[in-house]
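> fold the following, please.
(chains A and B)
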2 protein chains.
Amino acid sequence: MIGNQFYSQENHGPYEIYELGDFELEEGGRIPDCKLAYATHGELNEEKNNVILIPTWFSGTSKDYETYIGEGRALDPANYFIIVINQIGNGLSSSPHNSADSIRMSDFPKVRIGDDVRAQHQLITEKFGIKELALVVGGSMGAQQTYEWAVRFPDMVKRAAPIAGTAKNTIHDFLFTQTLMDAITSDPGWNGGNYTSNTEVADGLKRHADIWAVMGFTPEFFKQEKWVLFGVETAEELVQGFLEPFFQMMDPNALLTMAWKWQRGDVSRLTEGNLEKALGSIKAKMYVMPIDTDMFFPPSDCEPEQKLISNSELRVINSIAGHFGLFGGEGEAYHSQIDGHLKDLLAVSVEEGVLE
Amino acid sequence: MIGNQFYSQENHGPYEIYELGDFELEEGGRIPDCKLAYATHGELNEEKNNVILIPTWFSGTSKDYETYIGEGRALDPANYFIIVINQIGNGLSSSPHNSADSIRMSDFPKVRIGDDVRAQHQLITEKFGIKELALVVGGSMGAQQTYEWAVRFPDMVKRAAPIAGTAKNTIHDFLFTQTLMDAITSDPGWNGGNYTSNTEVADGLKRHADIWAVMGFTPEFFKQEKWVLFGVETAEELVQGFLEPFFQMMDPNALLTMAWKWQRGDVSRLTEGNLEKALGSIKAKMYVMPIDTDMFFPPSDCEPEQKLISNSELRVINSIAGHFGLFGGEGEAYHSQIDGHLKDLLAVSVEEGVLE
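A predicted model of the protein is given here:
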């Protein structure tokens, strides 16, 4: 275990840890004493049918969704028990830098989206006795996990809303993610994953951030000088003053673990490669919510998937910030759309299916 | 001078060399014995009013435009004297790897788009006695030079067609280009520009190519498996079999010289930063021709510039290949659009202005 104060309760809490025990992975490895970090909002009702599950995005933690949750909002803790679960490898849950010697750093095993969803399923069933989910919603890699939930546990998931993500990752997106990974691993300080501090990989993390600046935002965002949404006055401040230090605080192996997983998100692994069959098996009422200006999860990649889901609608989110619209920098202009769609979705009556 | 067989007559010829003599640069440096490589098609008529000038794009040479030129086409050598001029730093014209000791490799000076256009002006006036240009047309960095021509020599340029490029480079585009440059300079083999062979920078050139794969094409291109347009059967073949070796053959310092220049393309340098004034001074009939799916020179960045040019039209090119539509992989579907617009443009009568 190496120190990294970024992943502290102070920065990302409050969160709790659930101990899964030894956890077997789809790729053949295992995580001994696997831990999931999670945050909850609101109370679980007696019927245990008021649960909203939110999985985290690449580099994000449960803290990021706090701006999505609140009184009078769609994700209202007064009505729902909201559980935000940190994906494996994100730095809070079991990750290369915080694990036991046998799977530490470069020895950390490959993890799949399916592993996350099985681990989350174990947490909510064992710890809380939850048997149905009123809603699963998440952005980006959170959308990948949302799709996986809907396909893997069709009777359990009543509603689902993947925001800015796909059920099966595209080739273009795979190539993009590879440039992010190569930016890190090409830093000699990365040392095959066996650095002693993330600061040794500062150059690689900087290049990783710089690629994000290009693909995470949009040309229009810069043309309209929308960096003011992030509280800065120039593009340089946005990139050098915010994005670069933001990613430089993170653990390189954590980012690589998540990126590898992101590249391979694919619900059709559950149906021998048949995506139509996988998406056709979904029972949830589903809103597919791409961001209109997203440069790597564009609506044109999301809509064909939505059309394969019987009980679904395409609800496009308008943002000038591209994929980084997810950060909510546009404030009310963004969140009112998310809230509106999620309120509509939560208002839809769903069949009381046979519970697992 | 270091060897690089990529920049040979065999690969990029036939081309000729014009010796400009000592050439002073806008940034304060100079290129002793500056050379421009150029190719011509057709014959200069007696009135010397049938000239079409074409400047080259990033990493490209005069060879690349051969698919744009031909009998019955808009750029028809039977009617026009077509001169394609290789930009400084492209590997054929004066460049870091082929220059004299005093400006060799890391000592090569900074070059601006304005330097290219002044050098090209010297070539066509001194060598051919040309006083007017029926058309200047070019793609990408060729578009940047086209804009520079139209603003710098308004009486000389009768028609102009910038394809997939801008008059003033955007912040987003600057950041994108920086990721390309950092991919190269982060390779220890680059050695501050003083490698002994481009093969020492193979890793950096590979990462540079991989970023191009993401931003040069589009998500839709990959979704529709359009790599077949490039004669390959998989995305892997396109990236690993074509793009990576393509850029790995090139000289890293040449790419960096061009990228630095690309980042700073800006005709408003001629009008103390006033873009409206610069574009308002254009006398040429102009077609602004962005590619609809371009991820870094999008129509939304080109149209506001077009609106500042009095005698202009926006003619959007449709392509599934994004910026790399310029390569013409779509064949007739692409070239028929270019030819159609350029034929329209060449058919426009232009005032016989006062020649310089």
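
> can you pull the pLDDT of A:Gln337?
Reported pLDDT at A:Gln337 in the predicted model: 98.

> if I look at the residue nearest to it when sequence neighbours are not counted, how far off is B:Leu279?
With C-beta to C-beta, 6 or more residues apart in numbering or on different chains as the criterion, A:Gln337 has its nearest non-adjacent residue at 5.2 Å, and that residue is A:Ile317. The C-beta positions use only the backbone N, C-alpha and C, and glycine is treated the same way. Look at A:Ile317 and B:Leu279: by C-beta to C-beta, to the nearest Å, they are 35 Å apart.

> these two: who's more crowded?
Under the criterion of other C-beta atoms under 10 Å in any protein chain shown, the comparison of A:Ile317 against B:Leu279 puts B:Leu279 first, with 25 against 20.

> quick one: contacts for that one?
B:Val151, B:Ala167, B:Val267, B:Glu305, B:Leu308, B:Ile309 (C-beta atoms under 8 Å, 6 or more residues apart in numbering or on different chains).

> element containing it?
Secondary structure from DSSP states H and E places B:Leu279 in helix B:275-280.

> any buried residues in that helix, and which?
B:Leu275, B:Ala278, B:Leu279 (16 or more other C-beta atoms under 10 Å in any protein chain shown).

> still on that earlier bit, the contacts of B:Leu279 in helices, which ones?
Judged by DSSP state H, the subset of the contacts of B:Leu279 located in helices is B:Val151, B:Glu305.

> closest to A:Gly231 out of the contacts of B:Leu279?
Nearest to A:Gly231 out of these is B:Glu305 (C-beta to C-beta; 29.8 Å).

> ok, that closest one to B:Val316 distance?
The separation that B:Glu305 has from B:Val316, given C-beta to C-beta, amounts to 14 Å.

> which one of these two has more residues nearby?
Ranked by neighbour count (other C-beta under 10 Å), B:Glu305 and B:Val316 place B:Glu305 first, with 24 against 16.

> how close does the closest residue in space to that one that isn't next to it in sequence get to chain A?
Closest residue to B:Glu305 apart from its sequence neighbours, by C-beta to C-beta, 6+ apart: B:Ala167 at 4.9 Å. As judged by C-beta to the nearest C-beta, to the nearest Å, B:Ala167 and chain A stand 14 Å apart.

> and for B:Ala167, the neighbour number?
Counted with other C-beta under 10 Å, the burial measure for B:Ala167 works out to 28 neighbours.

> quick check: mean pLDDT of stretch A:50-58?
For stretch A:50-58, the mean per-residue pLDDT is 98.

> quick one: terminal-to-terminal distance for that stretch?
Using C-alpha to C-alpha, to the nearest Å, the span of stretch A:50-58 from its first residue to its last is 27 Å.

> helix/strand/coil for the most centrally placed residue in chain A?
Note on chain A: the residue nearest the mean C-alpha position is A:Trp57, at 2.2 Å, using C-alpha atoms, centre = their mean. In three-state terms, and counting by DSSP: H, G, I helix; E, B strand; the rest coil, A:Trp57 is coil.

> need the helices for the stretch 1-150 of chain A, in chain order.
If DSSP state H, counting those that start in this stretch is used as the criterion, the helices of the stretch 1-150 of chain A fall at A:9-12, A:113-128, A:141-152.

> tell me which of these lies nearest to A:Phe230.
In this view, the helices of the stretch 1-150 of chain A are compared for proximity to A:Phe230 by C-beta to C-beta, and helix A:9-12 is the closest at 18.0 Å.

> what is the mean pLDDT for that closest one?
For helix A:9-12, the mean pLDDT works out to 96.

> and for stretch A:134-148?
When pLDDT is averaged along stretch A:134-148, the result is 98.

> for A:Leu135, give me its contacts.
Residues counted as contacts of A:Leu135 (C-beta under 8 Å, 6+ apart) are A:Ile52, A:Leu53, A:Tyr80, A:Lys158, A:Arg159, A:Ala160, A:Ala161, A:Leu342, A:Leu345, A:Leu346.

> could you dump those to a markdown table with distance to chain B?
Written out in a markdown table, the entries for the contacts of A:Leu135 read as follows (distance: C-beta to the nearest C-beta, whole Å):
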| residue | distance to chain B |
| --- | --- |
| A:Ile52 | 30 |
| A:Leu53 | 28 |
| A:Tyr80 | 34 |
| A:Lys158 | 31 |
| A:Arg159 | 27 |
| A:Ala160 | 23 |
| A:Ala161 | 22 |
| A:Leu342 | 26 |
| A:Leu345 | 26 |
| A:Leu346 | 31 |
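
> between which two of these is the distance greatest?
Spanning the widest gap among the contacts of A:Leu135 are A:Tyr80 and A:Ala160, at 14.8 Å by C-beta to C-beta.

> compare neighbour counts for these two and give me the winner.
With neighbours defined as other C-beta under 10 Å, A:Tyr80 and A:Ala160 compare such that A:Ala160 has more, 27 against 21.

> helix or strand for the more buried one, just tell me which one.
Take DSSP H and E as the rule and A:Ala160 turns out to sit in strand A:159-163.

> if you count contacts, what does that strand end up packed against?
The helices and strands touching strand A:159-163, judged by 3 or more C-beta pairs under 8 Å, 6 or more residues apart in numbering or on different chains; DSSP states H and E, are strand A:135-139, helix A:141-152, strand A:285-288, helix A:332-347.

> turn those into JSON lines, including distance to A:Gly322.
What follows is the helices and strands packed on strand A:159-163, written out as JSON lines (distance: least, C-beta to C-beta, whole Å):
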{"stretch": "strand A:135-139", "distance to A:Gly322": "13"}
{"stretch": "helix A:141-152", "distance to A:Gly322": "15"}
{"stretch": "strand A:285-288", "distance to A:Gly322": "18"}
{"stretch": "helix A:332-347", "distance to A:Gly322": "12"}
